[in-house]
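Visitor: No letters, just coordinates:
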């Protein structure tokens with residue numbers, strides 16, 4: 001991942017998209033995941049699994065991740 005690539009990050013809970021970001025300037029995956037998780041509402045019951053799809057729009061690459069929201 002290069003800071004010059006356009007990145008789209010999406011967070012899903014139980015198949016429903018709950019957060020989306022699209023920006024450049026990210027140098028690693030954890031930066032994208034941190035911003036996605038911090039943008040989630042406090043109403044979401046915890047603990048819950050969050051599925052994350054990160055797409056490099058310039059290179060047309062998709063990566064899937066999963067995190068436990070506590």
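Guide: That came in fine, so what should we check first? Just so it is clear, the model here is predicted, and its values are computed rather than measured. Residues are numbered from 1 along each chain as shown.
Visitor: tell me the centre residue of the protein?
Guide: Among the residues of the chain, the smallest C-alpha distance to the mean C-alpha position (C-alpha atoms, centre = their mean) belongs to residue 9, namely 3.9 Å.
Visitor: isn't it right up against residue 35?
Guide: Yes. The pair residue 9 / residue 35 is scored as a contact, 7.1 Å apart, by C-beta atoms under 8 Å. Backbone N, C-alpha and C define where each C-beta goes, glycine included.
Visitor: For the residue nearest to the centre of the chain, which non-adjacent residue is spatially closest?
Guide: In space, and not counting its chain neighbours, residue 9 is closest to residue 32: 4.4 Å by C-beta to C-beta, 6 or more residues apart in numbering.
Visitor: What ranges does the chain have for its strands?
Guide: Defined through DSSP state E, the strands belonging to the chain, from first to last, are 7-13, 16-23, 48-56, 61-69.
Visitor: now for the first one, which elements pack on it?
Guide: For strand 7-13, the contact count by 3 or more C-beta pairs under 8 Å, 6 or more residues apart in numbering; DSSP states H and E identifies strand 16-23, helix 29-38, strand 48-56 as packing neighbours.
Visitor: Low-confidence regions, the chain specifically.
Guide: Along the chain, segments meeting pLDDT under 70 are nowhere present.
Visitor: my read: residue 20 touches residue 32, true?
Guide: No. Contact status for residue 20 versus residue 32: not in contact, 11.3 Å apart, counting by C-beta under 8 Å.
Visitor: about what we covered before: any idea which of the strands of the chain is most buried?
Guide: Each of those was scored by mean neighbour count; the highest is strand 7-13, a mean of 19, by mean count of other C-beta atoms under 10 Å.
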